[in-house]
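Trainee: sequence below, structure please.
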Amino acid sequence: MKLSPFLGFNLHMKHLHRLALLALVAATSLGTAAAQTSTTTPPPPPADGGTPPPPPKGDFKERGEKRMKELTEKLGLTQAQQDQIKAIMDDSLKQMKAIHDDTTLSKEDMMGKMKDLHEATHEKIRAILTPDQQKTFDEMKEGHRPPPPAQS
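Mentor: Below you'll find the predicted structure:
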């Protein structure tokens, strides 16, 4: 059997083709992974300390749904109570959006209005609960409250 002088060249080309194919697959995989990461990673807060970008659409609604589920489970809400609380939360969400979209408010004024709205919403919900549910609801609120600032 006689070997062709080009046999070594053919083997070399075969390896180059495999190497090029492997590099192409790797580059495509890395590009896909980077694209997936960039769509799931939230943007960093602004470096200048300005207001962060608004939450993604559906974020408030999603949090409201989670909160409703939590209240229903922990308080044993009746269907009528669930309906009333959902109406209160929907109204609160509309007001929250209006406050957030009001460009005439300073950051401090916006935060104050949001806090007032939160407290009013809490009181409206509390008013439709039974005394036992109110006690549990108040305990839940205490659990969500951030710790007081350290005194110096």
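
Trainee: contacts, neighbours, all on C-alpha from now
Mentor: Will do.

Trainee: which outside residues touch stretch 89-98?
Mentor: Applying CA atoms under 8 Å, 6 or more residues apart in numbering, the contact partners of stretch 89-98 are 60-61, 64, 114, 117-118, 121.

Trainee: one more pass at 10 Å, please.
Mentor: With contact meaning CA atoms under 10 Å, 6 or more residues apart in numbering, stretch 89-98 is reached by 60-61, 64-65, 67-68, 83-87, 99-102, 110, 113-115, 117-118, 120-122, 124-125.

Trainee: buried ones among those residues?
Mentor: Buried members of those, counted by 16 or more other CA atoms under 10 Å: 64, 68, 85-86, 99-100, 110, 113-114, 117-118, 121-122, 125.

Trainee: which of those residues lies closest to residue 75?
Mentor: Nearest to residue 75 among the buried ones among the contacts of stretch 89-98, counting by CA to CA, is residue 68 at 10.3 Å.

Trainee: tell me what the helix or strand hosting the closest one is packed against?
Mentor: Per DSSP states H and E: residue 68 is located in helix 59-75. Judged by 3 or more CA pairs under 10 Å, 6 or more residues apart in numbering; DSSP states H and E, helix 59-75 is in contact with helix 79-101, helix 131-144.

Trainee: pLDDT on stretch 70-80, on average?
Mentor: Average pLDDT, stretch 70-80: 92.

Trainee: end to end, how far does that stretch reach?
Mentor: Stretch 70-80 has its terminal residues 16 Å apart, counting by CA to CA, to the nearest Å.

Trainee: buried set for that stretch?
Mentor: Here stretch 70-80 shows 71-72, 75, 77 as buried, counting by 16+ other CA under 10 Å.

Trainee: farthest pair in those residues?
Mentor: 71 and 77 (7.3 Å).
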